[in-house]
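Student: what's the 3D shape of this:
(chains A and B)
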Number of protein chains: 2
Amino acid sequence: MSSERNVTLPQFNPITGAIRALAMDAVQKAKSGHPGAPMGMAEIAEVLWRHNLKHNPANPKWADRDRFVLSNGHGSMLIYALLHLTGYDLSIDDLKNFRQLHSKTPGHPEYGYAPGIETTTGPLGQGITNAVGMALAEKVLADEFNQPGHNIVDHRTWVFLGDGCLMEGISHEACSLAGTWGLGKLTAFYDDNNISIDGHVDGWFTDDTPKRFEAYGWQVIRDVQGHDSAAIQAAIEQAKANTTQPTLICCKTVIGAGAPNKQGGHDVHGAPLGDAEIAAAREYIGWNHPPFEVPDNVYAAWNAREAGAAAETEWNNRFTAYRSAHPALAAEFERRMSGTLPTDWPAHVDAVLAKIAEKGETIATRKASQNAIEAFAPKLPELLGGSADLAGSNLTLWSGAKGVSRDTGGNYVYYGVREFGMAAIANGASLHGGLIPYTATFLMFSEYARNALRMAALMKLRQIFVFTHDSIGLGEDGPTHQPVEQTATLRYIPNMDVWRPCDTTESAVAWAHAIERADGPSTLCFSRQNLPFQARSVEQTTAIHHGGYVLSEAGNASRGDAPHAVIIATGSEIALAMAAQKTLADIGTFVRVVSMPCTNVFDRQDAAYKTAVLPAGIPRVAVEAGVTDFWRKYVGLEGAVIGIDSFGESAPAGELFKLFGITAEAVVDAVRAQVG
Amino acid sequence: MSSERNVTLPQFNPITGAIRALAMDAVQKAKSGHPGAPMGMAEIAEVLWRHNLKHNPANPKWADRDRFVLSNGHGSMLIYALLHLTGYDLSIDDLKNFRQLHSKTPGHPEYGYAPGIETTTGPLGQGITNAVGMALAEKVLADEFNQPGHNIVDHRTWVFLGDGCLMEGISHEACSLAGTWGLGKLTAFYDDNNISIDGHVDGWFTDDTPKRFEAYGWQVIRDVQGHDSAAIQAAIEQAKANTTQPTLICCKTVIGAGAPNKQGGHDVHGAPLGDAEIAAAREYIGWNHPPFEVPDNVYAAWNAREAGAAAETEWNNRFTAYRSAHPALAAEFERRMSGTLPTDWPAHVDAVLAKIAEKGETIATRKASQNAIEAFAPKLPELLGGSADLAGSNLTLWSGAKGVSRDTGGNYVYYGVREFGMAAIANGASLHGGLIPYTATFLMFSEYARNALRMAALMKLRQIFVFTHDSIGLGEDGPTHQPVEQTATLRYIPNMDVWRPCDTTESAVAWAHAIERADGPSTLCFSRQNLPFQARSVEQTTAIHHGGYVLSEAGNASRGDAPHAVIIATGSEIALAMAAQKTLADIGTFVRVVSMPCTNVFDRQDAAYKTAVLPAGIPRVAVEAGVTDFWRKYVGLEGAVIGIDSFGESAPAGELFKLFGITAEAVVDAVRAQVG
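Tutor: Numbers count the residues shown, from 1 in each chain, chains lettered A, B, ... in the order given. Below is the predicted model of the structure:
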């Protein structure tokens, strides 16, 4: 195989031997894992991590470090070995606990577990896309903060990726944009080993990948011998020399190089080598040490703590000079990288909300969302907006929006029709720090991006996903565009807060809440159609932050009586609930209307609050233009739910609400049936 | 703009004028819609539909018709105009009802509404992907059925697509595979008009698209003047002449060509032109007829009924000759295209189930699934299997599987790491007819494919989605690979049946049910880990078809007593329920175990059946290794649910079930708390 693919095996040595040995030993001990990529990419990793990567193992959060992303995340032992060897806080015992409960070394690299892991990878294609987001963030922040003679934002993003990442559609979206934006500090190493899980890729992956990336506007360095350190270093130099294009370095490698009988085949991809092959490999690569033992001289050769400290010190000195010259910018940079909001933020939000209440506008919540952006964005230069070619429909542009382009930074990204890429790029920008991304498309097309939303939630990222056209209320575009189950299914993503506001005030509160939320993403669902403003006391406005609250008390409450029923609604259906309340009052049935813009936040409230809003033993009716089963968690088996469990239809919105029986009359009937 | 893009405007005439007039008038009447694409692609459409497309308007289901896909589905008035003008059963009144309730002409082309609509399009990128699936089906069926001198399967697939489709990642997945498979009968017309919703695409779409498609192995015809009929015809000839590569014809067009003041700009993309511009356009293109009036001579020029009838008759004659020479093949072809299962299918299923019951194997349900495929596939040559590079993990290969390649057909597709493309290609194959596709990946990566699953449900396709590694039970690969909310969210897709079988028998029944279901797709979720066989009576095995049934009656039932509680479980948690039942019986608490492999099917049963399985007034406990809220629809507010509402962790599976409290002991405790 080596000959037909024209790839030369490594000159084995103890430096790369340490990676190979740690990878095969850890996978063997865990009885599962992927030795193939770490062993096949050992030389590339060595050249990058020992001679090119700007990092300080003692401070994995140094603002100007290079970012490294292992997009082929199944090869996690590669990065764990590198972090351990270069001196991060990742011990040999941590490596021994590879893939074990509560270890820092899970099966795939998980953000927040081991220091130096910049993003969680494993779902293929998203790592390279996160990296594009990191490089975009670097470009945007450099444009904003660097000053003549002061390049305080000046780092590179490096990616390892394999065939799997390149087959995934998201790689097209991300790499196309990286080319358009001219991300010259982004360099990807393609581990071209000709193997994926099903075997030699010739039967299902015949792209001319270099040509494809040239079509995206990348610099492509072809036919690099991936086990030849000098060739790798030369390619890196060429990548660095090109400041206007991202670079793809195509490295021909032998998967599992170092396992004499298995290298180059797909058996080495995702399973332990076995004791016999490991013994043979030790001999073959000249590594005569027991498992998890690395000689001191090899550790010394790898250790990057001294060089890393020097590098950071050098930057600190430069930052001190920057602070002297540009004190306000320096303070702002530190605030931004720390993720702290401006000190006057809370007061600003209160003022905005007061003004909204005063106006009392009846507008679409997508428009209310735009108004909220317009009100909040001037205070928050960290907001990096965008839309997947629906800026004018999603209403995510604002008066101070400036589009990012090849030539400049900015605070708004025209992502084109690339929902998944957009979401995962925004994840990367959030991970980079200094920015709070918000992105937008139609709620239906949250499905195209779905796993990136989940990854944002898993990584606890501050990230805002705006989704407009949130129900059959979008009308004529029909069932392909009309959400039915989307809001409910987004609410089921762990650690995702899903908001569906009913008016201008709730829309602004949802935005504020999402901006303030530091430990997870928020999804904001907005209507295409106009929704009436709801009057509230200041206390009620504050209560929106609980996710659910009494928007309108039952008419008999002043007499001290309990409501006859509770109607729970969200978004566009609040108006139906309010109308039903009025109709019912006329016949002596007094109902409370609970607005529940965010079930996820409501569920996190204490039991006393929840019971106060939804008292036990009182009949409940829920209404939302979406799947009904979701609401059983609030109304139980006995309550009623008004919603839609089928696909929508193409027609004017008003006709559709009637067709599907989502009307104030239906709510009235349901309450009457409940009250009996 | 015309000059800088080097594009020549049309020579307007009444033939193409009819398309332009119908499109602008229908959009205007509907007060919404997209005139830009129909007007910009009128010449391309005219050349294709009047001079090249093989079709019979009187029989839109003719087996050997060419397939036409409008991947830029927002331009729906283009295909409605074409269907109307060429003589399909789509009247001028249908066009007047564009985008209205219960019309045949919804906002996007919906499969099953107007005759001649081959697939529902609108979600960008999926149309071209469906088309790749149709062309794949043609290749596979031609390989299977054609005989020397008898090419009874010999038709082409034509696609219109725009910038949006090309930006979407799925276009990468689909077009890469089309190149690998050498789909020579697939031709796509790229409507290169330089406009997407956000404006001129230069800021977000700078790919060298011809080069990109050459990298996929396509024949690319560059720089075709998209308003020049002769140039278009020449390109089509070139496409037909190349039998080993799909062809992309890059057509430079002016969006909205014919609207004198708006053409070439993005205002014409997705909004009515307005009365003034329409009047100006009528003058500009020389169309002096009132809205929705087409002169007889124009109708006559378009009418394809005579030519279509002749074409089908010619094929019918050839098919008669084929039937004489190969009667068995001819009968099989007709059976396959009709979607009818073999007459001995029910008996075969019964025999298979009897054998499985006899064996009583404790194996992973993914292995049980493979056994079911092995048992059923020899009877069903229409099964077209596949996996997204996980054949050995999903266990979707069987002894008779033969991989599709560039050179041959087959019954198994190596899709590579392309989940979304796989699902939408399979949708296309199902739409083509003659095949029942099944595809596979890990359950987590259903998220990458999610909107294609929804489209299968919306189009009511016979399609089987296999998802393995269905819970934290997959173990060490960690939270990126461990489903939590996926099963629940898939169940919320309207018209999707989601099965999560607990053993070999339920796995085989799920497969049989999915194969037999003619009006919608099924999702089959299987475990990585071994699950014990459950003994059943023949009646119980039959009852699996109800989606939920009493797997094990409470120990006090023989005395005629009601159970103290009901435990509802699915898949791997049935074993926990059964163990809990035993433990509880020892302390005199008698519980019924209900197995609920498919909640969607159970929900469709009549009230009497449902009440018989889940009697009112008896405490209920649900257990499933997934989000708990889903189960409130069965257990209400008072019942208990054992499940997981957070992300998983990387560790051996057994430790994870303990960590997250999904154990028989937890079920016992929950029942005891319920029973009190």
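Student: ranges for the strands of the stretch 351-500 of chain A?
Tutor: A:363-364, A:383-387, A:412-414, A:436-442, A:464-468, A:497-499 (DSSP state E, counting those that start in this stretch).
Student: what is the last one packed up against?
Tutor: Where contact means 3 or more C-beta pairs under 8 Å, 6 or more residues apart in numbering or on different chains; DSSP states H and E, strand A:497-499 is packed against helix A:486-491, helix A:504-516, strand A:522-525, helix A:599-603. C-beta: built from backbone N, CA, C; applies to glycine.
Student: hang on, the earlier thing: need the strands of the stretch 351-500 of chain A in CSV with mean pLDDT and mean neighbour count, can you?
Tutor: Below are the strands of the stretch 351-500 of chain A laid out as CSV (pLDDT from 0 to 100; neighbours: other C-beta atoms under 10 Å in any protein chain shown):
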stretch, mean pLDDT, mean neighbour count
strand A:363-364, 98, 20
strand A:383-387, 98, 26
strand A:412-414, 98, 25
strand A:436-442, 98, 27
strand A:464-468, 98, 27
strand A:497-499, 98, 27
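Student: among the helices and strands packed on strand A:497-499, which is nearest chain B?
Tutor: Among the helices and strands packed on strand A:497-499, helix A:486-491 comes nearest to chain B, with 3.8 Å by C-beta to the nearest C-beta.
Student: give the buried residues for the closest one.
Tutor: Of the residues in helix A:486-491, A:486-491 count as buried by neighbour count, 16 or more other C-beta atoms under 10 Å in any protein chain shown.
Student: nearest to residue B:144, of the strands of the stretch 351-500 of chain A?
Tutor: Residue B:144 lies closest, by C-beta to C-beta, to one member of the strands of the stretch 351-500 of chain A: strand A:436-442, at 40.4 Å.
Student: and the closest one, C-alpha only, in PDB?
Tutor: Listed in PDB are the C-alpha atoms of strand A:436-442, where the atom choice follows Å, rounded to 0.1, in the frame of the first residue of the first chain:
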ATOM      1  CA  ILE A 436     -21.000  36.800  22.100                       C
ATOM      2  CA  PRO A 437     -22.300  35.500  18.800                       C
ATOM      3  CA  TYR A 438     -25.900  35.600  17.800                       C
ATOM      4  CA  THR A 439     -27.000  33.800  14.600                       C
ATOM      5  CA  ALA A 440     -30.400  33.500  12.900                       C
ATOM      6  CA  THR A 441     -32.500  31.500  10.400                       C
ATOM      7  CA  PHE A 442     -36.100  30.300  10.200                       C
END
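Student: so is that strand next to chain B?
Tutor: No: Strand A:436-442 is not in contact with chain B by C-beta under 8 Å from any C-beta of the partner chain; minimum separation 9.7 Å.
Student: picking that back up, in a markdown table: the helices and strands packed on strand A:497-499, plus mean pLDDT.
Tutor: Shown next, in a markdown table, are the helices and strands packed on strand A:497-499 (pLDDT from 0 to 100):
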| stretch | mean pLDDT |
| --- | --- |
| helix A:486-491 | 98 |
| helix A:504-516 | 98 |
| strand A:522-525 | 98 |
| helix A:599-603 | 98 |
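Student: and stretch A:471-479, how far apart are its ends?
Tutor: 10 Å (C-alpha to C-alpha, to the nearest Å).
Student: do it and chain B meet?
Tutor: Yes: interface with chain B: stretch A:471-479 contributes A:475-479 (C-beta under 8 Å from any C-beta).
Student: tell me how far that stretch lies from the chain's centre.
Tutor: Remark: stretch A:471-479 is offset 28 Å from the chain centroid, using C-alpha atoms, centre = their mean, to the nearest Å.
Student: can you check stretch A:408-426 too?
Tutor: Centroid displacement of stretch A:408-426 relative to its chain, using C-alpha atoms, centre = their mean, is 12 Å.
Student: please point out which parts of it sit buried.
Tutor: By neighbour count on 16+ other C-beta under 10 Å, the buried set for stretch A:408-426 is A:409-426.
Student: understood, closing this out.
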